[in-house]
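Asks: Dropping a prediction and its sequence here:
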Amino acid sequence: MSAGMPVRRHWLPIGLEAERRLDTPRWLPLATLGVGLLVALLISGALLAIIGADPLLVLRHILIASFGSLGVLSDTLVKATPLMFTGLACAVAFRMRLWNIGAEGQLFLGAWGASAVVLVPMLPAGVSPFIVVPVMLVCGILAGALWGGIAGWLKARFGVNEIITTLMLNYIAIQWVRFWVFGPWSEGGFQLSRQFPREAWLPRLTDFASVVRDFAGLTVHLGLVIAIVCAVLVWFWLSRTRTGYEIRLIGDNPRAAHYAGIDIGRTVILVMLVSGGLAGLAGMTEVSGSVHRLQDGFSPGYGFTGVIIAYLARFNPFGVIVASIAFGGLILAGREIQPAGIPSMIQGIVLFCVISSDVLLRYRLRVVRR
Amino acid sequence: MTPVVASEGEPSTPGPGTSDPALATLAVAMTGIVKRFPGLVANDQVDFDLRPGEVHALLGENGAGKSTLMNILAGIYRPDAGEIRVHGQPFEATSPRDAIAAGIGMIHQHFTLVPSLTVTENVLLGLDEPRFRLRLQEYGERIAALGERAGLRVDPEARVWQLSVGEQQRVEILKMLYRGARILVMDEPTAVLAPQETQELFRTLRTMTASGGSIVFISHKLDEVLAIADRITVLRKGRVTAAGIPAAGRTRPELARLMVGRDVLETIDKPPVTPGAVVLEMRDVRARNDRELPALHGVSLEVRGGEILGIAGVAGNGQTELAEVITGLRHCTGSIRVNGTEVAGRPPRASIAQGVAHVPEDRHGTGSAPNLSLTDNLVMKSYRSEPIARGWLLDRLAARRQARDLTTAYEVSAPSVDTEARLLSGGNLQRLIFAREIATGPSLMVAVQPSRGLDVGAVATVHRLLLERRTAGAAVLLISEDLDEILAISDRVAVIYEGRIRGITDSAAADIETLGLLMTGDAIDGSDAGAADA
């Protein structure tokens, strides 16, 4: 006998004990999401109380400022639209455990590609919007896909870490756009292009105010519909097609996928093309639907928020839609409450809590008496 | 049904086992241990005791609760009910650290060594001493001296990756002894060893018990249990079916009945099959392992249809690489022809297209996607073709139908075909993999360690399935570390040692001693090995 019995001291008569879960009931992911959001709300409330605000009042204010009327709801949806695309872009890649954090750069390049149609110009003036908008859509998708595809090819061919390449490609894309809006496409020396002609605008609800009077002033545009269609397509692709099956298999166990005869490199490139294309659509719809010109810094980090959205949605395309609307509201309310600080802090807390709540999926917690 | 009642194990201890003085003489006394996991009771009122200086075998099928019981003793799990006493003192461990402080060390099936560190560094890892400066020389000598006393000879300065599996196991034991363990729990220690290494391990265990140490030997190999154990406790479905019965005089069928609860047919029905055309032909195949070191040095062999070629060998001699080059998972040079078509250096799909089925060594890491459903796991090889594939779409109903048919036919027991694969037991997962691979109608089946870690019943199923493939005219390459298994079902036997094939013989004419020597690199006769290479 080399040592005595272990003596344990406990500060509390009861304690928490974690044990690995063997099974995951269907309701559990949603329940843990709820727990995460609740804890996030409590922490945010506590912080607001500490700085002297009434948490309930702030919450009420946020809700009114973002969902209180048709007008602000429309604004919320406008903010949510690019987030849906970037969220989908990230979700598609993350499903395969491909960490594309370059949605921001792909968004910028998509916006650039779409703008080029108008600003080069690639089409003669006065062409019908039924031609201009589709061409812009295609160019936006292609430019974004190219940007994602570069990182995908490097990963497939040389095994270069996609986190690094996509991150670095962000800076290149942002500076690339900056070059064009400062230089060739600058309007009067300002860092923005001239406004697009009306035929290059995505139709907005307010454009139909002559038909339905209540639509007046509602700036929500066709991009929202395209985003929802994309969510359905992505869901269908991932769950109902052969390629979607391959993506899920690679995401869960790349060794098993290789063993099943799947060409992983090819799939990596394909997924990065699709992911980049979706992020490119975010840029296209933003410049064509909302900003109506290409300008420096037109995205306040939609691409990075897409990472958060994808996580909140647990990589589910429909979850992305819901999370994007919630975040769109938070962005909008942010301007209402305080230009910076609290709203982005709440965003951070929400993400932190939701991701931490994942531990409940894998472990069962029990209260034990000491 | 049970011939031995629990209390019969006691007569050799002086006095009744319940009074305190008697308990104090026991190294470990576990009484009424209950451990529940969601949906099952892993240990149901289990009693277990260990006397000083004995080897006590814990016998049972997979999932019988052997490892759970010992994980409780080693502080990894906490029991829901029950009492543990160690040397008469109440014992409640909340971590492996507590257990080792009480002198209990567990050696798991998968080693917990750092390959790039030396033996000394591995032994010292995680300890408070030495504090800042490592003084490896001085500690290395201490460790070597300890090893000498315990009959565990290893070079303290060797790096772990350079050691054979048997030597690595010695390092694990040494680690525990260095930490003061007097009670050693060994979880299926012989699964990775060659026959000679097993004999050496047994000698070591005897040395330890002679000096007062106690050993719990977890196993489901009946021969080994009968060879090493002083007493045996048998678990079945979480309950004790024989408590500490003396090992002397027990027979294999008796123990098998206690384990399985019914008579187990140990005879293998192997109908004569006339070998057909050559299906697999390898010529001078060379490949490297994951560390870019040469792993196969010019392997040449042939397997015919309706024939099982068994490849015997100690782990890490190129078996994994051999299977991977045939199935296209690993790059190689040389020629590999399946049904006359060259597949060497081609992607896995080329082999799959030639009808190569693969039961991989690592069921969880390679053979399945743990978080996907049984359906998704069952269509891994068939999702490209009708009826599962409809063009580029996947017919989920057809996939589920196939999954239901296969789970029924191969007795994969699971709540539904939507269950995640990681929830399957080892035997069920292996049946799933066999179901999937056989469903492709293979002309060549490469099975690597197909029965490792499976219980008696599941092993019998695996052997039956392999023999059925042989009868169906497929070529079977069986790579296994279990010599008995290879001799039982193969038509011909080859030994792989350091990436070379040595001595292919008819299994009827094979001699276990000779094969054992070939497996450990001791060629008895140079011409023998030479003939095999030619």
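Replies: Received, thanks. Bear in mind the structure is a predicted one, so any value in this text is a computation, not a measurement.
Asks: domains of chain B?
Replies: B:6-103+B:182-260, B:111-174, B:278-533 (automatic domain parsing).
Asks: I'd like those as CSV, with mean neighbour count and distance to A:Ile43 appended.
Replies: C-beta coordinates here come from the backbone N, C-alpha and C atoms, glycine included. Putting the domains of chain B into CSV (neighbours: other CB atoms under 10 Å in any protein chain shown; distance: least, CB to CB, whole Å) gives the following:
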stretch, mean neighbour count, distance to A:Ile43
domain B:6-103+B:182-260, 19, 30
domain B:111-174, 16, 36
domain B:278-533, 20, 30
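Asks: what sits up against the helix or strand of chain A at the bottom of the mean pLDDT ranking?
Replies: Here the helix or strand of chain A ranked lowest by mean pLDDT, DSSP states H and E is strand A:14-20, holding a mean of 71. By CB atoms under 8 Å, 6 or more residues apart in numbering or on different chains, the surrounding residues in contact with strand A:14-20 are A:359, A:362-370, B:78.
Asks: Run through who's touching stretch B:455-462.
Replies: B:61-64, B:220, B:256, B:259-260, B:264-265, B:411, B:426-427, B:430-431, B:434, B:447, B:450-451, B:454, B:485.
Asks: Tell me which stretches of the stretch 251-400 of chain B form helices.
Replies: Applying DSSP state H, counting those that start in this stretch to the stretch 251-400 of chain B gives helices spanning B:252-260, B:319-326, B:348-353, B:374-378, B:396-409.
Asks: Quick check: which of these is nearest to chain A?
Replies: Closest approach to chain A among the helices of the stretch 251-400 of chain B is made by helix B:348-353 (3.8 Å; CB to the nearest CB).
Asks: what about the closest one, average pLDDT?
Replies: For helix B:348-353, mean pLDDT is 93.
Asks: Just the helices from the stretch 151-300 of chain A, written as ranges.
Replies: Under DSSP H, counting those that start in this stretch, the stretch 151-300 of chain A gives helices at A:162-182, A:223-240, A:242-252, A:254-259, A:264-286.
Asks: got the residues of the stretch 151-300 of chain B near chain A?
Replies: Contact residues, the stretch 151-300 of chain B versus chain A (CB under 8 Å from any CB of the partner chain): B:180, B:182.
Asks: quick one: low-confidence parts of the stretch 101-250 of chain A?
Replies: Along the stretch 101-250 of chain A, no part satisfies pLDDT under 70.
Asks: which bits of it sit near chain B?
Replies: Counting by CB under 8 Å from any CB, the stretch 101-250 of chain A sits next to chain B at A:240-245, A:248-249.
Asks: Determine which stretch of the helices of the stretch 151-300 of chain A is the most buried.
Replies: Comparing the helices of the stretch 151-300 of chain A by mean neighbour count (mean count of other CB atoms under 10 Å in any protein chain shown), helix A:264-286 ranks first with a mean of 27.
Asks: elements contacting that helix?
Replies: helix A:70-95, helix A:103-119, helix A:129-158, helix A:223-240, helix A:242-252, helix A:254-259, helix A:302-312 (3 or more CB pairs under 8 Å, 6 or more residues apart in numbering or on different chains; DSSP states H and E).
Asks: Which ones among the contacts of strand A:14-20 map onto strands?
Replies: A:363-369 (DSSP state E).
Asks: can you narrow these to ones near chain B?
Replies: Answer for these near chain B (CB under 8 Å from any CB): A:Arg364.
Asks: need the contact list for the residue nearest to A:Glu187 when sequence neighbours are not counted.
Replies: Nearest-residue entry for A:Glu187: A:Arg194, 4.5 Å, with adjacent residues in sequence omitted and distances by CB to CB, 6 or more residues apart in numbering or on different chains. Residues near A:Arg194 by CB under 8 Å, 6+ apart: A:119, A:185, A:187, A:293.
Asks: residues from the stretch 301-450 of chain B in reach of chain A?
Replies: B:327-329, B:347-349, B:352, B:358, B:360, B:362, B:365-372, B:376, B:379-381, B:383-384, B:389, B:392-394, B:396, B:420, B:423.
Asks: so of those, which ones are in strands?
Replies: B:358, B:389, B:393-394.
Asks: Could I get the contacting residues of A:Ser288?
Replies: A:114, A:133, A:136, A:196, A:200-202, A:223.
Asks: scratch that, B:Gly318 is what I was asking about
Replies: By CB under 8 Å, 6+ apart, the neighbours of B:Gly318 are B:289, B:295-296, B:299, B:496, B:498-500.
Asks: try 7 Å
Replies: B:295-296, B:496, B:499 (CB atoms under 7 Å, 6 or more residues apart in numbering or on different chains).
Asks: Residue of the stretch 1-150 of chain B nearest chain A, please.
Replies: For the stretch 1-150 of chain B, CB to the nearest CB, closest residue to chain A: B:Asp98, 3.9 Å.
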